[in-house]
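Asker: The following comprises the amino acid sequence and a computationally predicted model.
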Amino acid sequence: MITGRQIKAARALLGWDAADLAKRAKLSRETVSNIENDLVQARENTLADIVRVFVDNRLEFLDGQGVRFRPEDVEVLNGPEGMERFWNLVYAFIQTSSNVIIRQNGIPEGPLDACAPKAAAAHRERMKPLVATRKDIKARAIIDEGDMNFLCSDYFQYRWHPKTAPPPVPYYIFGDTVGIFAFDADPAPKVVLITSPTIARAHHTQFDKAWELALTPPQPPPQQTE
């Protein structure tokens, strides 16, 4: 749980006063001041709103009262264990961010699910209550034309990449992180995670253009039942 001292430090990094934070978190200035000075015990959802504001501005909270800007980084994940970490990172991002847009291109749902079926199933299950209570989560996936594996249709929109177009490099974008997927690795998949606002913005633009050109499946994706 973050502390009042960390919230003050985070504000200082961004050059905000208490009123700035209060406006962005939709709280009163008095509430922010009381939380920062440990005069009240903040509710869990109030702290979550405050954290989301800072995460949206590229800050992260550390153990031991620390706070910093998220560093640019590269990490390589391999096989089922790597996929478990991947889904945990995605879920943590969605939990702590507002106005979330997930973008997935060229990653077939079937093979993706098969790489770590338990982790994938657990991720879908924990996403259900989250998307049921959050209206600011959007997710889009472009998969191959004819692929009817709409495994996350309760919160993903699906479109098809035309067969006549060159295949894209498989990638998954969440926030400032882009995951490049290779399914021919051993163990599969290999995921190269690149955390960089500049690279992420470029991929956002690339994906949004591909989304405009993608095909709409001939029937609405069926709701997942388990």
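Answerer: Structure's in. What do you need? Please read all numbers here as calculations on a predicted model, not as lab measurements.
Asker: mind listing what the residue sitting nearest the centre point of the chain touches?
Answerer: In the chain, the residue lying closest to the centroid (Cα atoms, centre = their mean) is Phe174, at 3.9 Å. Each residue near Phe174 by Cβ atoms under 8 Å, 6 or more residues apart in numbering is listed here: Leu89, Val90, Phe93, Ile94, Val100, Ile102. C-beta here means a position set from N, CA and C on the backbone, and glycine is covered the same way.
Asker: Give the buried residues for the helix or strand hosting the third one.
Answerer: It stands for Phe93. Assigned by DSSP states H and E, Phe93 falls within helix 79-96. Buried residues in helix 79-96, counting neighbours by 16 or more other Cβ atoms under 10 Å, are found at 79-80, 82-87, 89-91, 93-94, 96.
Asker: tell me the mean pLDDT for the helix or strand following that helix?
Answerer: Using DSSP H and E, the helix or strand that follows helix 79-96 in sequence is strand 100-105. Mean pLDDT, strand 100-105: 97.
Asker: same deal with stretch 76-90?
Answerer: On average, stretch 76-90 scores 95.
Asker: ok, and what's touching it?
Answerer: With contact meaning Cβ under 8 Å, 6+ apart, stretch 76-90 is reached by 102, 115-116, 119-120, 122-123, 172, 174, 177, 179, 185, 187-193.
Asker: right, and Asp38 touches Ile7 too?
Answerer: No: using Cβ atoms under 8 Å, Asp38 makes no contact with Ile7, being 10.4 Å away.
Asker: Which one of these two is surrounded by more residues?
Answerer: Taking neighbours as other Cβ atoms under 10 Å, Asp38 and Ile7 compare with Ile7 leading, 24 against 11.
Asker: can you pull out the helices in this protein?
Answerer: Assigned by DSSP state H, the chain shows helices spanning 4-14, 18-25, 29-36, 44-56, 79-96, 109-115, 117-133, 197-213.
Asker: one step back: what about the helix holding Phe93, distance to the chain center?
Answerer: In terms of Cα atoms, centre = their mean, to the nearest Å, the centre of helix 79-96 is found 9 Å from the chain centre.
Asker: Just the C-alphas of it, formatted as CSV.
Answerer: This file holds the C-alpha atoms of helix 79-96, laid out as CSV (Å, rounded to 0.1, in the frame of the first residue of the first chain):
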residue,chain,number,x,y,z
GLY,A,79,7.8,-20.3,-22.7
PRO,A,80,4.9,-20.9,-20.3
GLU,A,81,6.6,-19.2,-17.3
GLY,A,82,7.3,-16.2,-19.5
MET,A,83,3.7,-16.1,-20.5
GLU,A,84,2.5,-16.2,-16.9
ARG,A,85,4.6,-13.1,-16.2
PHE,A,86,3.3,-11.5,-19.4
TRP,A,87,-0.3,-11.9,-18.3
ASN,A,88,0.5,-10.6,-14.8
LEU,A,89,2.1,-7.5,-16.3
VAL,A,90,-0.9,-6.9,-18.5
TYR,A,91,-3.3,-7.3,-15.7
ALA,A,92,-1.3,-5.0,-13.3
PHE,A,93,-1.2,-2.4,-16.0
ILE,A,94,-5.0,-2.6,-16.6
GLN,A,95,-5.7,-2.5,-12.8
THR,A,96,-3.6,0.6,-12.2
